[in-house]
Every structure is written in C-alpha cells, then in structure tokens.
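> Sequence and predicted structure are below.
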Amino acid sequence: MKVWYSLLCSAVISLNVFGQTKMSITADNASPVISKHIYGHFSEHLGRCIYDGFWVSDTSTLPRKDRIRLDVVEALKKIQIPNLRWPGGCFGDEYHWRDGIGKREARPKMINTHWGNVTEDNSFGTHEFLELCSLLNTEPYIAGNVGSGTVEEMNKWVEYLNFDGLSPMTELRKQNGRTAPWKVQFWGVGNESWGCGGSMTADYYADQYRRYATFCKNYPGAPLKKIAAGASDFDYNWTETLMKKVPLNMMWGVSLHYYTLMGNWNKKGSATQFDENGYFTTMQKCLRMDELVTRHSTIMDRYDPTKRVALVVDEWGVWTDVEPGTNPGFLYQQNSMRDALIAGATLNIFNNHADRVKMANLAQTINVLQALILTKGNQMLLTPTYHVFDLYKVHQEAKLLNVNFTSPDYAVGDQKIPAVNVSASQDSTGKVHISLVNMDANKSITIRTSLYDINWKTAEGQVITSNKFTDINTFEKPDLIRPAAFNGAKKEGNDLVVTLPRLSVVVLELKP
Ligand code: AHR
C-alpha cells in the first residue's frame, strides 16, 4: 500500500496545474519524532545577553528573582524553550567555573577577551545559571572548558553539579547553599576547538575529547549526554576524524556551527539596510544548511548507521554587522522579517532531518546576533524570530510526516532558489501541523496538498508576514511584525488548498 502511495505521490508532485503547486503529505510509522531539543537556545557571556539581558543590576525596578529579570523569563516560557546552552561559545574556553561560585563580592574578576575586553565580574555563575534554567523550566546545556581548562577542573565541575554522596565537591556545593545535585545532562566538551577553543587540529582534538570525556563521570541518576565540539560549516574532515577516532559510546552528539552571512566575515552586511539582491543572497546561504546537514549526516552514517550519535547544530542564525554606534564586540543586531524567514526555513530543515538532528541552538537569546528578545533599560521587545519559535513549538516531540513537493523557483538575476519550504508533523493527539515559508519577495503562491493516511476536518492557522523584508520591530513600534490569524487555507474534498502571501511564514493546524 505504501509503495502504491509513493508512486502516486511522485506522479503528482511538481505538477503545477492552474497556477497551483501540488504537494502530498503522508504518515509513515517509520518516521522519527522531532526532538524538542531542536528548538534550543544559546546564552553566552557576550555583550548584553547575560548582563543586561537575563541578569540586571540589584537596584533594577523590574520584577525579578534575585537579579534575573522575570519579563524575559515569562516570554521565553511561552515558547517552551527546551534547553539553554551556556556559558559559551568562545567565552566557554576561558571560563573557570570556580570563579563563579561562592559569595559574589569575593568572586574574582576577569577580562572577557573575546567580546570587547570588558570586565566579567562572575556574578552570574553556576548557581545563577541553573536557577535561571529552573525558572524557565528548561534543560541546561553546559559547555566545559577544554581550551584553557584542565581535565581535573572539568571533572570537578561535573562532580559539583551531579554527585549526591559524600565528596569534597558535594560539601562545597552545600556550603554555597545548594543541597541536591542539579543532574545536568547535556555536556559540551569544548567549543570550536579548531578556532577560539584552542586552534587544534581535528586529530589532536579527537584525542583530547577522549581524554576529557573519560573524566566527565556519570553519577547515579545523572548520566551525561556528552557532545563533542564539531565542525564549522563545510569542514567535513573534522566530522570524519571525530567519527573515526572516537568510540560511538563516548559521545551523545557531535556539533556543527553554521552562520548565515549576507556578505563575508569582513563585511557581513547590515541587519536592516539591504536590497532584494542582498535579501536573495542571504536566503540562498541560509538554505545551504540543508546541504550541510545532509553531508555531515552522510559521513556520520558510514560510522554510525543506526544513528545513535546526534548531530547537534548548537550555533546557527544570521550574523550581520552590529547596529551603528554599538560596541563591535557586543554583536548587537536588529532582527527583521528576513530573519523570521531564515528561522522558519532553518527549523523546517532541522525537522526534516529529525532522524539525525536531535538538538540545535539559535545564537543567541537576548541582544546578541539573531536574538529572540531585545532589551533597552526596562523595555523589552519580541523579535520576528521569537514569533516563529512561538508558532513552531507545536512540532516539539511530534512525529515527522513525509512531504513530497517541488517548489516553484524564486529567481533574481540569473540565480534561483526554491521559493517555498515546508515541514509537517502529527502530535500525540492526532493534530497535524504544517509549517510553510514563502521566501518569494514578489509573489504569493498557492499549494494544493493531498493528505494520505491522515484524517482531518478543519484547518486553522497563523501567519507572520510584513510588507518589506527589512521591516523590524522597534521599541516605538514593538508589534509591527507579530502572528495574525491566517485565512488563506481551505478544504476542497480531501485536499488542502493554501495561498501563501509573499514573504510569509504560515503554520497550519489540521484537526481530526
Ligand atoms: O555566537 C558567537 C560566537 O560564534 C561564539 O562564541 C563562537 O562559538 C562562534 O564563533
């Protein structure tokens, strides 16, 4: 029966009848569940992410718990963030955890050499981060220091966090006010070890990984999910070397970092001032995530055909020039309708690779790079990217559905990309969710979808769209871009017919 359906589906895909693109969606018992951890986030000691983002002054008039501002906590709880990565990034490989425990006034200060040479006062450390995770109801993902830290330092940090018996680290934790271990699971062994994390070769890092990971112990009730510092974008040799040299049972995941740039690392391009060529190039580069995930996964498949090791894309997003007049080391950028389309398309790619991609972390949560939230004093705004995560949360822990579809092209000059991308899932109550992104800056697109093995009666949805790809939310107009009810979907027989506005992210819910 399934074979018959597949043949039928491939016969109808890519037909464009009466201006409608054909699509088919089928349920398949063998499809993976989309891990909620694909919807993870990243908070580094960088610019105004921790300090002034999550952690404010003790004289702040904002509602807060200790120095954690609660308006951002509430906003992030709404989108159900499943995990939060900390303390870096590059900062992680110069962070010494013992400097961030105990009485705050006695904690040593240090220079944050990567990010503006500012003084780090260590007031936000292990206890504060784990308190934040508990308020957010999210799982911590801690990146340990391989670049400038010792094996003993990492070993003791894990003991401090996760051991419940009698030990020096347990005693120290208790003296600092915490009796029960936190039982942290996600554990990064270094970050970008090919660059800011130590300028290592792939071979050298693979050996170091084995050594450090050996001493990151699994304490009773607290098994670690160890994640090896992986490749930067197209460095396939890095993944190959790790997979070859590290026994599979020593790693839960291997990471991958990829940032979307409109220009290059010397001139990345503005977050708000770009024309259609710049917009198109950014979209083209964003879609390369699919190629990257496919090719790194293919390498992993050769060593790990049963897919026990996860691909963890623990840094992704658009990286632009900083906002004029802001500290270049703080990476503060605005967030436009273009960013919403990047978020929607990238999350579709991750969903569609849910068999291997089990975790991902957008960089970074507040005031840095492709942020969910921007703050200015006591004000806070939700970016277009935030709203995409809000709509897409329905995919968390839902079963991936098969989508057969060939998109119409979006062409600029002699270049073209698929205008539309999509992913679909079915949750445990039987509801189907379909997320569609129309990147075309000029045309709406109508799609007729046949759904096989899926029982549905009604379709409702929400849309995020705006007139211009450069549109942004500002502190003066914080709601220019926000989700609205979507009226462009209807049921015709058993077909779903959807008209996607130009520049739009649409998430539909089909109820049985
Ligand atoms: O997210 C900003 C930086 O980008 C991180 O610190 C580093 O890991 C990457 O190069």
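Thanks, I have it.

> what does the helix or strand harbouring residue 229 rub up against?
Here residue 229, judged by DSSP states H and E, is contained in strand 225-232. Residues from elsewhere that reach strand 225-232 (C-beta atoms under 8 Å, 6 or more residues apart in numbering): 141, 146, 185-195, 197, 205, 209, 213, 216, 238-239, 242, 246, 250-258, 296, 310-312, 314, 359. Bear in mind the C-beta positions are built from the backbone N, C-alpha and C, glycine included.

> Distance from stretch 21-34 to the middle of the chain?
Relative to its parent chain, stretch 21-34 has a centroid offset of 23 Å by C-alpha atoms, centre = their mean, to the nearest Å.

> ok, now stretch 394-406?
When C-alpha coordinates are averaged (C-alpha atoms, centre = their mean), stretch 394-406 and its chain have centres 18 Å apart.

> hang on, the earlier thing: just the ones in strands from the contacts of strand 225-232, please.
With strands identified by DSSP state E, the entries of the contacts of strand 225-232 that belong to them are 141, 186-189, 253-258, 310-312, 314, 359.

> Also near the ligand: which of the residues you listed, exactly?
With respect to the ligand, and counting by C-beta under 6 Å from any ligand atom, no part of the ones in strands among the contacts of strand 225-232 is in contact.

> Looking at those residues, spot the one nearest residue 407.
residue 258 (21.5 Å; C-beta to C-beta).

> What about the residue lying closest to the closest one once chain neighbours are set aside, how many residues nearby?
Among residues not flanking residue 258 along the chain, residue 233 sits closest, at 4.7 Å (C-beta to C-beta, 6 or more residues apart in numbering). Close neighbours of residue 233, defined as other C-beta atoms under 10 Å, add up to 14.

> ok, now how distant is the residue of the stretch 351-500 of the chain found nearest the ligand from residue 192?
When distances are taken as C-beta to the nearest ligand atom, the stretch 351-500 of the chain reaches nearest to the ligand at residue 363, 4.1 Å away. Per C-beta to C-beta, to the nearest Å, residue 363 is found 12 Å from residue 192.

> Quickly list what's touching both of those two.
With contacts defined as C-beta under 8 Å, 6+ apart, the residues adjacent to both residue 363 and residue 192 are residue 89.

> Return the residues in contact with the residue in the chain positioned nearest to the ligand.
The nearest approach of the chain to the ligand comes at residue 89, 2.6 Å away (C-beta to the nearest ligand atom). With contacts defined as C-beta under 8 Å, 6+ apart, residue 89 is in contact with 42, 44-46, 114, 143, 191-192, 315, 363-364.

> Now go through these and say which are in strands.
Using DSSP E, the subset of the contacts of residue 89 located in strands is 42, 143, 315, 363.

> Could you report the neighbour count for the nearest residue to the third one once chain neighbours are set aside?
So that's residue 315. Taking C-beta to C-beta, 6+ apart as the measure, residue 315 lies nearest to residue 257, with 4.1 Å between them; neighbours along the chain are not counted. Other residues within reach of residue 257, judged by other C-beta under 10 Å, total 23.

> what's the pLDDT at the residue of the stretch 351-500 of the chain closest to the ligand?
Per-residue confidence at residue 363 stands at 98 (pLDDT).

> Check the gap between it and residue 49 for me.
Where residue 49 is concerned, residue 363 sits at a distance of 10 Å (C-beta to C-beta).

> Neighbour count for the two, which is higher?
Neighbour comparison, residue 363 and residue 49: the larger count goes to residue 49, with 29 against 25 (by other C-beta under 10 Å).

> Spatially nearest residue to that one (excluding sequence neighbours)?
Distances taken as C-beta to C-beta, 6+ apart put residue 368 closest to residue 49, at 4.4 Å, once the chain neighbours are dropped.

> quick revisit: can you tell me which of the ones in strands among the contacts of residue 89 lies closest to residue 394?
Checking the ones in strands among the contacts of residue 89 against residue 394 by C-beta to C-beta gives residue 42 as the nearest, at 22.2 Å.

> Counting neighbours, what do you get for that closest one?
Counted with other C-beta under 10 Å, residues neighbouring residue 42 total 26.

> what sits against it?
Shown here is residue 42, whose contacts under the criterion C-beta under 8 Å, 6+ apart are 84-86, 89, 314-315, 361-365.

> beta partners for it?
residue 85, residue 363 (DSSP bridges).

> ok, so what distance separates the closest residue to residue 143 other than its chain neighbours from residue 157?
For residue 143, ignoring the flanking residues on the chain, the nearest one in space by C-beta to C-beta, 6+ apart is residue 188 at 3.6 Å. Taking C-beta to C-beta as the measure, residue 188 falls 12 Å from residue 157.
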